[in-house]
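Trainee: Output the structure for:
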Amino acid sequence: MSAGPIYLDCNATTPMEPEVAEVVRRYFEEEYGNEGSRTHNFGARARQAVQKAREQIASLVDAKPEEVVFTSGATESNNLAILGLAPWGRQHGKTHIISTRIEHKAVLEPLDHLAKEGFEVDLVSPGRQGRVETEKLTRLLRPGTMLVSVMHANNETGVVQPIGELAEALAHHPAWFHVDAAQTFGKLLPELRHPRIDLISASGHKIYGPKGVGFLVVRQRGKQKVPLSPLVFGGGQEHGLRPGTLPVPLIAGLGKAAELAAGNHAEREAKCRAFREKFLHAIGPLHPHIHGEEGKVLAHTVNVSFPGISAEEVMLRLKDVAAASNGSACTSSSYQPSHVLKAMHLEKEEIVGAVRFSWCHFTPDLDWNLFTEKLRS
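Mentor: Predicted coordinates for the structure are as follows:
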């Protein structure tokens, strides 16, 4: 049992795998060449590291290595996927977008920007269990629909969305399909391999890799390329979509993290499910309100309210036992009631009391008696 509070905020960021840290260190300290340098072996070895990372990432989603575009993280990838399609949409009269009310702000805010620029954006609400029905999304399709953007699993509730069903439903419609997979890349493997998903966003630091790096998979649909335009200019790197010197150490680390995710997936999943069983058993006597239907939630996430206790009070009571979150880390600097839980039409008391606990295969066991005693006191 480790000293101090146990880290239970892995949906915000994860600890780095030691093997990943070693790769990052080596490319910072020893193999520090610029991938764009064409005249010496330092640059050649950097290019080899970047190419290997493309292959490691692509293999997890059955994409081609050349379809992987490196970015600073899922936020930038989401922006590139959404805003990068806008010029093509305007040119071809495709100015309609379908998404959901439970998306990450890195999707909702670019969509809001396009709405102000004249695009029509339809946001679908989930049910009370946080899951969006495929039919509600597909009935909104029209000839002018440019994009359908739906997250794979929600960062606050862990509820997994029906991405596979939606991919099948879009088989006969030309709209581009974008999936924010920040919470599921390397964790939920089969659905992201569906060839009908055109764009996939993810971050390194959600899969035990480094912060500051991510990618956008831009699949080619037959002979048709996704018509993205860059958001920044200068240099022409990443097929002209994301110019700038590539952060080779971070990219190499991300590639290694993807490789480990592929090889260790089953073991990690088993550890997370075992921890979940203990967690749910421990809090059962406290009459919790769990937000998200069991069986349709990530194994490592529980969003829960305890009757009569606010989220702030829960975290205060647990501050020496467990480090958890009362919402998305990306919006916590100015706390507002969760837009996700509001969209699920939960009661005000449930929203105010909601705490997210998220763990991983690194998470040590808790002192469960102390944990429940703190909440009961």
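
Trainee: Show me what the helix ranked longest in the chain is packed against.
Mentor: Ranked by number of residues, the top helix in the chain under DSSP state H is helix 248-283. Counting contacts by 3 or more CB pairs under 8 Å, 6 or more residues apart in numbering; DSSP states H and E, helix 248-283 packs against helix 18-29, helix 41-60, strand 301-305, helix 368-376. Just so you know, the C-beta spots here come from the backbone N, C-alpha and C atoms, and that holds for glycine as well.

Trainee: Can you give me the buried ones in that helix?
Mentor: Judged by neighbour count (16 or more other CB atoms under 10 Å), helix 248-283 contains these buried residues: 248-261, 268-269, 271-272, 275-276, 279, 282-283.

Trainee: pLDDT of it, averaged?
Mentor: When pLDDT is averaged over helix 248-283, the result is 98.

Trainee: start the count at 7, not 1, going forward
Mentor: Let's use 7 as the start, then, which means that last one is helix 254-289.

Trainee: Tell me the helix or strand right after it.
Mentor: Next in sequence after helix 254-289, counting helices and strands by DSSP states H and E, comes strand 295-296.

Trainee: For that following strand, what does the pLDDT average out to?
Mentor: So the average pLDDT for strand 295-296 ends up being 97.

Trainee: Tell me which stretches of the stretch 7-156 of the chain form helices.
Mentor: Secondary structure of the stretch 7-156 of the chain (DSSP state H, counting those that start in this stretch): helices at 24-35, 47-66, 80-89, 92-98, 111-122, 140-144.

Trainee: For Ile206, find the nearest of those helices.
Mentor: Of all the helices of the stretch 7-156 of the chain, it is helix 80-89 that lies closest to Ile206, at 8.2 Å by CB to CB.

Trainee: quick revisit: most tightly surrounded among the helices of the stretch 7-156 of the chain?
Mentor: Ranked by mean neighbour count, these are led by helix 80-89 with a mean of 25 (mean count of other CB atoms under 10 Å).

Trainee: That helix - contacts with which helices or strands?
Mentor: By 3+ CB pairs under 8 Å, 6+ apart, helix 80-89 packs against strand 74-77, helix 111-122, strand 151-155, strand 182-186, strand 205-209, strand 220-224.

Trainee: That one vs helix 111-122, what angle?
Mentor: 30 degrees (axes from the mean of the first three to the mean of the last three CA atoms, to 10 degrees).

Trainee: hang on, the earlier thing: got a markdown table for the helices and strands packed on helix 254-289, with mean pLDDT too?
Mentor: What follows is the helices and strands packed on helix 254-289, written out as a markdown table (pLDDT from 0 to 100):
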| stretch | mean pLDDT |
| --- | --- |
| helix 24-35 | 98 |
| helix 47-66 | 97 |
| strand 307-311 | 97 |
| helix 374-382 | 95 |
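
Trainee: Would you reformat those as TSV and include distance to Thr163?
Mentor: As requested, the helices and strands packed on helix 254-289 are arranged in TSV below (distance: least, CB to CB, whole Å):
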stretch	distance to Thr163
helix 24-35	28
helix 47-66	24
strand 307-311	4
helix 374-382	20
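
Trainee: Quick one: closest of these to Gln243.
Mentor: Closest of these to Gln243 is helix 47-66, at 10.1 Å (criterion: CB to CB).

Trainee: Could I have the CA atoms of the closest one written out in CSV?
Mentor: Output of helix 47-66 as CSV, limited to C-alpha atoms (Å, rounded to 0.1, in the frame of the first residue of the first chain):
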residue,chain,number,x,y,z
ASN,A,47,22.6,9.9,-39.7
PHE,A,48,21.1,11.8,-36.7
GLY,A,49,18.3,13.0,-39.0
ALA,A,50,17.9,9.5,-40.5
ARG,A,51,17.6,7.8,-37.2
ALA,A,52,15.0,10.4,-36.1
ARG,A,53,13.0,9.7,-39.3
GLN,A,54,13.1,6.0,-38.6
ALA,A,55,11.8,6.6,-35.0
VAL,A,56,8.9,8.7,-36.3
GLN,A,57,8.1,6.1,-39.0
LYS,A,58,8.1,3.3,-36.4
ALA,A,59,5.7,5.3,-34.2
ARG,A,60,3.3,5.8,-37.2
GLU,A,61,3.4,2.0,-37.7
GLN,A,62,2.8,1.3,-34.0
ILE,A,63,-0.2,3.6,-33.8
ALA,A,64,-1.7,2.6,-37.2
SER,A,65,-1.6,-1.1,-36.3
LEU,A,66,-4.0,-0.5,-33.4
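
Trainee: Run through who's touching it.
Mentor: The contact list for helix 47-66 (CB atoms under 8 Å, 6 or more residues apart in numbering) reads 33, 37-43, 69-74, 76, 191-192, 195, 198, 221, 223, 252, 254, 257-258, 260-262, 264-265, 267-268.

Trainee: give the contact list for the closest residue to His297 other than its chain neighbours.
Mentor: Setting aside the residues directly before and after it, His297 is nearest to Asn309 in space (CB to CB, 6 or more residues apart in numbering), at 4.4 Å. Residues near Asn309 by CB under 8 Å, 6+ apart: Glu162, Thr163, Gly164, Ile296, His297, Gly298, Leu347, Ala360, Val361, Arg362, Phe363.
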